[in-house]
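1. Sequence first, then the predicted structure:
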Amino acid sequence: MPLMLGKTFDRSYMLRLPIVDGFYNIGVFFNKRSSFVLFRVDPDFSNQYSNQSIPKHGIKINMFKNLESSKFCETFLNLHNYRKTSLDIRNQFDSVKSEYHTEVNFIFNETINVAKVDIGDRELFDALTLYGFCLTSYMNEFTFIICERHNIVKRLNKKVVRTTGLQIATAPALSLLDEFHEESRTAGKVGLELKHPTNGIINLSEK
């Protein structure tokens with residue numbers, strides 16, 4: 001069944017990315033007056049799978065409206081938040097964490113300028129920026145896309161930046177991601193000792 005967009009979206013951008021034995025056709029849909037973004041993901045494994053069903057590799061697709069809930073972003077990326085009268089940024093991509101430069105690769109970085117807006121003496125661009133990443137060990141089995149929407153709200157003289165993530169990955173790649181995520185959460189904690197006796201803990205279930 002085709003995706004019904006109605007009047008909510010009036011702009012789109014298409015990507016075609018190789019995954020395992022085939023491709024995924026990815027549509028990014030948005031409105032020139034809004035920061036909201038929607039993905040459409042269509043598999044194309046026609047060369048190996050005539051019915052275009054999900055292949056035996058167990059590919060899983062996840063979308064993240066909040067990048068902080070993504071294990072990939074939490075583990076590998078630095079995100080930027082900033083807020084003032086004329087600027088409102090939430091979870092903007094800043095950089096790959098230095099300790100993971102060899103584990104994560106850029107596969108694309110593209111910007112589409114929707115409009116140029118003059119606010120006072122400032123020249124701002126209403127734009128869509130896309131970042132693509134892969135895991136070095138699973139170059140063709142893991143893709144994470146960050147869609148960064150720069151929306152100029154001229155009525156408020158404000159620039160609003162919002163991000164959405166899309167992850168396409170095989171089961172083995174997700175397993176490796178889980179290992180990196182767990183390692184990043186426990187790094188530096190090995191060998192630490194408790195400074196206070198545990199018998200001082202109060203059990204609130206007891207009266």
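-> Looks like it arrived, so ask away. Numbering: from 1, shown residues only.
2. wait, doesn't Cys134 sit right on Asn105?
-> Yes - if you go by C-beta atoms under 8 Å, Cys134 and Asn105 touch, sitting 5.3 Å apart. From N, CA and C alone the C-beta is placed, and that goes for glycine too.
3. Those two: which has the busier surroundings?
-> Shown here are Cys134 and Asn105; by other C-beta atoms under 10 Å, Cys134 has more neighbours (20 against 13).
4. Contact partners for the more buried one?
-> Val104, Asn105, Ile107, Asn140, Phe142, Thr143, Phe144 (C-beta atoms under 8 Å, 6 or more residues apart in numbering).
5. Ok, Glu68 next?
-> By C-beta under 8 Å, 6+ apart, the residues touching Glu68 are Glu74, Leu79, Asn91.
6. Adding neighbour count, write the residues you listed out as CSV.
-> Output for the contacts of Glu68, formatted as CSV (neighbours: other C-beta atoms under 10 Å):
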residue, neighbour count
Glu74, 14
Leu79, 18
Asn91, 24
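7. If we only consider those residues, which is nearest to Phe9?
-> Nearest to Phe9 out of the contacts of Glu68 is Asn91 (C-beta to C-beta; 21.5 Å).
8. element containing that closest one?
-> strand 87-96 (DSSP states H and E).
9. Tell me which residues are up against that strand.
-> 66-68, 73, 76-83, 104, 131, 133, 146, 148, 158-163.
10. rerun that using 7 Å as the cut-off
-> Contacts to strand 87-96, defined as C-beta atoms under 7 Å, 6 or more residues apart in numbering, come from residues 67-68, 76-83, 104, 131, 146, 148, 158-163.
11. which parts of it are buried?
-> Applying a neighbour-count criterion of 16 or more other C-beta atoms under 10 Å, one finds Asp88, Ile89, Arg90, Asn91, Gln92, Phe93, Val96 buried in strand 87-96.
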